[in-house]
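Enquirer: how does the following fold in three dimensions:
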Amino acid sequence: MPARFAQTVAIDWSGAKGERHKGIAVARKERGRAPALVRPGHVWSRAEVLDWLRREACRAPTLFGFDFSFAPPLLERGSYLPGADVPTSAKAFWAYVDAVCADPDLGAASFLEQLHREHFYFGKADGDKARFMWFREVEKRLNAAGGGKAATVYDAIGAAQVAKASFAGMRLLHRLVGQVPVWPFDPLPETGSVVVEIYGRLYLRRAGGRGTKLRSAAALDAALVALGSPPAGLDHDPSDHETDALVTAAGMAQVLATEAAPFAPPGLTPAIASAEGWTFGVV
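Expert: Numbering: from 1, shown residues only. Here you go, the predicted structure:
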């Protein structure tokens, strides 16, 4: 890992209702070491993750990655929610989402289920699913390159949906404005910590797999070694949330070490940076 960052941190996020979430896992990879879970076995709240990140960002220059979409698509349609009176830049939209959501623990289910229900697909009663299949420029690039099958934030049904997690995550991002830079909405600073968007399946593929979930200590270690990391050597089989975080922390470190310009990917324009963002590792 280059000297710019002392560590990478990957957060497997959750948009579930409630105040504690078994789907959240936090993994940290320090330079030269295997990635390790932060507070293994702990059931995190989203607010706890935010508080921990603020402290950790001050303790060491860290590249933090969250696995949710940092903004909805805008460039294809000119609005995040066509027909609704909403902002047209990501930071202002984060503020809007945070202001209108009273859900506990930075949740945003009410945003999808009540306030802007007509924009989200929850099942056959909503009609043709194709009407909701809009993607950001980075998602189209990822899908075309075979790096995975990125989901759209307008699809709110099924195990692979990222809708609720993404809008809950936007509330967290709003609370980081002015505290920790969020790339590429903020320029990359010369020093200090940075938050980026990640896509776990991308790093599983970089490890030589098909992007499927890992649920054994042996499979986890094989993926980590393929990413140039020491094995974790766990004495138990981890959950897929834990392996996603551990592999991604190692994959982020590999991208930093091997890509010539990970923060200047082809195709990232100022308009995309301010409105839609970019997934770290898509180059």
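
Enquirer: where do the helices of this protein begin and end?
Expert: For the chain, the helices defined by DSSP state H cover 46-59, 90-100, 109-110, 137-144, 163-176, 200-206, 217-226, 240-258, 270-275.

Enquirer: and those as JSON lines, adding mean neighbour count, distance to residue 7 and mean pLDDT?
Expert: In this view, the C-beta of every residue, glycine as well, is placed from N, C-alpha and C. Formatted as JSON lines, those follow (neighbours: other C-beta atoms under 10 Å; distance: least, C-beta to C-beta, whole Å; pLDDT from 0 to 100):
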{"stretch": "helix 46-59", "mean neighbour count": "17", "distance to residue 7": "9", "mean pLDDT": "98"}
{"stretch": "helix 90-100", "mean neighbour count": "19", "distance to residue 7": "25", "mean pLDDT": "98"}
{"stretch": "helix 109-110", "mean neighbour count": "18", "distance to residue 7": "32", "mean pLDDT": "96"}
{"stretch": "helix 137-144", "mean neighbour count": "18", "distance to residue 7": "25", "mean pLDDT": "91"}
{"stretch": "helix 163-176", "mean neighbour count": "24", "distance to residue 7": "18", "mean pLDDT": "98"}
{"stretch": "helix 200-206", "mean neighbour count": "23", "distance to residue 7": "16", "mean pLDDT": "89"}
{"stretch": "helix 217-226", "mean neighbour count": "19", "distance to residue 7": "15", "mean pLDDT": "95"}
{"stretch": "helix 240-258", "mean neighbour count": "25", "distance to residue 7": "8", "mean pLDDT": "96"}
{"stretch": "helix 270-275", "mean neighbour count": "16", "distance to residue 7": "25", "mean pLDDT": "98"}
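
Enquirer: to residue 193, which of those lies closest?
Expert: Nearest to residue 193 among the helices of the chain is helix 46-59; the distance by C-beta to C-beta comes to 3.8 Å.

Enquirer: contacts for that closest one?
Expert: Defining contact as C-beta atoms under 8 Å, 6 or more residues apart in numbering, one finds that helix 46-59 is touched by 9, 11, 13-14, 21, 24, 26, 38, 62, 64, 105-107, 168, 172, 175-176, 179-180, 192-193, 195.

Enquirer: ok, now with 6 Å
Expert: 62, 105, 106, 172, 180, 193 (C-beta atoms under 6 Å, 6 or more residues apart in numbering).

Enquirer: off-centre distance for that helix?
Expert: Offset of helix 46-59 from its chain centre (C-alpha atoms, centre = their mean, to the nearest Å): 16 Å.

Enquirer: pretty sure residue 196 contacts residue 279?
Expert: No: Residue 196 is beyond contact range of residue 279, at 7.9 Å (criterion: C-beta atoms under 6 Å).

Enquirer: who touches residue 156 in this structure?
Expert: With the criterion set at C-beta under 6 Å, 6+ apart, residue 156 makes contact with 112, 120, 122, 163.

Enquirer: now with 8 Å?
Expert: Per C-beta under 8 Å, 6+ apart, neighbours of residue 156: 112, 120, 121, 122, 163, 164.

Enquirer: reformat those as a markdown table; add distance to residue 128.
Expert: Listed next are the contacts of residue 156 as a markdown table, based on distance: C-beta to C-beta, whole Å:
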| residue | distance to residue 128 |
| --- | --- |
| 112 | 19 |
| 120 | 14 |
| 121 | 9 |
| 122 | 13 |
| 163 | 18 |
| 164 | 22 |
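
Enquirer: if I look at the spatially closest residue to residue 254 that is not a sequence neighbour, what pLDDT would I see?
Expert: Computed as C-beta to C-beta, 6 or more residues apart in numbering, the closest residue to residue 254 that is not its neighbour in sequence is residue 227, at 4.8 Å. On the pLDDT scale, residue 227 is placed at 96.
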